[in-house]
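here's a sequence, model it:
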Amino acid sequence: MIRRIWYLAALTFREGIRDRAVVGVVGIALLMFLATIAITSIFGYEVGKVAMDLNLSVVAFTGLLLCFFVNINLMAKDIDKRTIYCVLSKPISRAEYILGKYAGTLSLILMSIILLSGFGAVMIALIKWITPAVGFKGFSWGCYLQAVLYQIGMFIILNSAIIFFSSFTSSSFLTLLYSLATYIVGQTIEEVIQFLKKSQQLTGNVRQFFWHGLEFIFPNLSAFDIKVFASHGILMTHTHSLSLFLYSVLYASLFLFLAIQIFSRRELK
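Take a look at the predicted model:
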């Protein structure tokens, strides 16, 4: 079973690499990285904070572009081109197909994040070299690495959500719409709940149950955004990091379980 899953993952990864959109997204990311040099030159102080925040933002933005414009199409193409029938005609179950697709698309994201975060680190090192030391007071490479790892945790969840939506719709547009909505809600759900608590709109057991239920239904993706802490040289505790990692694995497992259940019962046309 594991061998078949990795075989499908390798095929999906190679298919994603050949996508022209990947070249475009990476090209945009490299230009944005180069632009950070010009932007940080405007700031006389705290250049390290600005460089850290900008480069981490570019890495996160690139990952989102790859998710929404590359990964979403990989499963839809199989159905549109009917190559999925060739795959499922072999001794490969639909559960293995889902897991293989997820592993392949996630590998594409991970490789991109690793390469781009490395390039971002080079840009930060270059800015640090041409900037007075006072501008990088409190800067920490450990915080940069931790912020990148947290972003990976977010993409573990988001990519599983994309596979889940792709399991019941053949339309890449609808998958994009559902995935984008999940990302937006996941980034804002915590702030909305806190706002409602402060404005005393969560009165009544029914309303509290409804809003707190939304917190469990939609993953809190904003918890993985620690750019502010990283730019100020604040490391998150090991307990916090481990709990968020388990949180991402739990949500991804739930999305994949639901995707397998739905796709196993789906009639392909």
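
and the spatially closest residue to A95 that is not a sequence neighbour, what does it touch?
Once flanking residues are discounted, A95 sits nearest to I260: 4.6 Å by CB to CB, 6 or more residues apart in numbering. C-beta here means a position set from N, CA and C on the backbone, and glycine is covered the same way. Contact partners of I260, counting by CB atoms under 8 Å, 6 or more residues apart in numbering, are R94, A95, I98, L99, S167.

the residue lying closest to A223 once chain neighbours are set aside: neighbour count?
Among residues not flanking A223 along the chain, L244 sits closest, at 6.1 Å (CB to CB, 6+ apart). Number of residues near L244 (other CB atoms under 10 Å) recorded here: 19.

L244 and Y150 touch, don't they?
Yes: using CB atoms under 8 Å, L244 makes contact with Y150 at a distance of 6.9 Å.

shared neighbours of the two, anything?
Residues touching both L244 and Y150 (CB under 8 Å, 6+ apart) are F224.

output the lowest mean pLDDT helix or strand found in this protein.
None of the helices or strands of the chain scores lower by mean pLDDT, DSSP states H and E than helix 205-217, at a mean of 61.

I'd like the next helix or strand past that one.
Remark: after helix 205-217, the chain's next helix or strand is helix 227-231, criterion DSSP states H and E.

mind saving the C-alpha coords of that next one as CSV?
Provided in CSV are the C-alpha atoms of helix 227-231 (Å, rounded to 0.1, in the frame of the first residue of the first chain):
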residue,chain,number,x,y,z
LYS,A,227,5.8,36.7,11.5
VAL,A,228,5.3,39.4,14.1
PHE,A,229,7.0,37.3,16.8
ALA,A,230,9.8,36.2,14.5
SER,A,231,10.6,39.7,13.4
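
which positions in that helix come out as buried?
For helix 227-231, the neighbour count (16 or more other CB atoms under 10 Å) marks K227, A230, S231 as buried.

any chance of those in JSON lines, plus pLDDT and distance to S253?
Output for these, formatted as JSON lines (pLDDT from 0 to 100; distance: CB to CB, whole Å):
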{"residue": "K227", "pLDDT": "89", "distance to S253": "27"}
{"residue": "A230", "pLDDT": "88", "distance to S253": "27"}
{"residue": "S231", "pLDDT": "84", "distance to S253": "32"}
